[in-house]
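Asker: coordinates only, no sequence provided:
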């Protein structure tokens with residue numbers, strides 16, 4: 001993993017949530033190429049179950065916005081309530097992020113289709129946030 005000062009393998013876990021298996025697999029492969037471990041969920045309910053199960057180890061979530069059942073925005077809102085310290089990046093090809101008030105845990109919006117470098121940079125921002133003022 002690139003330079004966040006996180007040596008514990010458990011702290012490198014990224015949950016990828018997308019109802020399209022090909023997109024989910026692509027995002028997971030980018031996560032893994034960046035040196036993180038990827039955990040996959042096909043919808044928001046499955047993601048919430050994984051967060052409940054692996055609560056202490058998930059460090060970031062990359063989620064599609066439009067999915068059957070709960071949307072990525074609804075997922076982020078629920079995560080903000082139960083696990084507010086987990087940062088979320090939302091991905092969409094059709095959604096305008098300026099059209100809603102996003103939950104506070106949404107740190108990044110990624111437009112689909114995305115470049116690998118764009119997703120990798122957003123992932124770095126989630127996993128290695130800049131240090132705040134002392």
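Answerer: Looks like it came in fine. In this text the structure is predicted, and so the values were computed from the model without any measurement. Numbering: from 1, shown residues only.
Asker: element containing residue 35, please.
Answerer: Taking DSSP states H and E as the definition, residue 35 sits outside all helices and strands.
Asker: what's the neighbour count on residue 94?
Answerer: Neighbour count for residue 94, taken as other C-beta atoms under 10 Å: 8. All C-beta spots, glycine's among them, are computed from the backbone N, C-alpha and C.
Asker: contacting residues for it?
Answerer: By C-beta atoms under 8 Å, 6 or more residues apart in numbering, the residues touching residue 94 are residue 66.
Asker: run a quick check on residue 111 versus residue 92, I expect a contact.
Answerer: Yes. Using C-beta atoms under 8 Å, residue 111 is in contact with residue 92, at 7.0 Å.
Asker: higher neighbour count, these two?
Answerer: residue 92 (18 against 14).
Asker: how much space separates the more buried one from residue 38?
Answerer: 20 Å (C-beta to C-beta, to the nearest Å).
Asker: helix, strand or coil: sort out residue 85 for me.
Answerer: coil (DSSP: H, G, I helix; E, B strand; the rest coil).
Asker: list the contacts for it?
Answerer: Here residue 85 is in contact with residue 105 (criterion: C-beta under 8 Å, 6+ apart).
Asker: all set, thanks.
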